[in-house]
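J.: Sequence first, predicted coordinates after that:
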Amino acid sequence: WDAVARFPGMPREYYDDWVQVAKEETLHFQLLSKRLQELDSYYGAWPTHDSLWDAARTTAKDHAGRMAVVHCVHEARGVDVTPPTIHKFKSAGDKA
């Protein structure tokens, strides 16, 4: 939602796209949260890096920079790490 609120004056389609992204990210979080609860844990119980939030702070006034960092760095990292992460979970006996 930050990209919607922080950068006014964009075309309507920009905001529509970000609303869809927010819906999808909400689903991803709900799935993750549910799985963590099944494993007797919760989101926030484990230390994680803050690179996404660091990038958000760094690009707070830079729309082009924000879009580049989020899509070209963070989304690309997700594509790169998802298959090995799935393998690690399966190797640890996670059937979900």
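T.: Yep, it's here.

J.: Without its sequence neighbours, what residue ends up closest to Tyr42?
T.: Counting by CB to CB, 6 or more residues apart in numbering, Leu36 is the residue found nearest to Tyr42 once chain neighbours are left out, at 5.6 Å. (Each C-beta comes from the backbone N, C-alpha and C, glycine too.)

J.: Give me the buried positions along the host helix or strand of that neighbour.
T.: Here Leu36 sits within helix 12-38, counting by DSSP states H and E. If you call a residue buried by 16 or more other CB atoms under 10 Å, then helix 12-38 has these buried ones: Trp18.

J.: thinking again about what came up before, pretty sure the residue nearest to Tyr42 is touching Tyr43, no?
T.: Yes: between Leu36 and Tyr43 there is a contact at 5.8 Å, judged by CB atoms under 8 Å.

J.: What is the helix holding Leu36 packed up against?
T.: The contact analysis (3 or more CB pairs under 8 Å, 6 or more residues apart in numbering; DSSP states H and E) places helix 12-38 against helix 2-6.

J.: mind saving the C-alpha coords of the helix it packs on as CSV?
T.: C-alpha atoms of helix 2-6 as CSV (Å, rounded to 0.1, in the frame of the first residue of the first chain):
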residue,chain,number,x,y,z
ASP,A,2,3.0,2.3,0.5
ALA,A,3,3.4,2.6,-3.3
VAL,A,4,-0.2,3.8,-3.6
ALA,A,5,-0.1,6.3,-0.8
ARG,A,6,3.4,7.7,-1.3
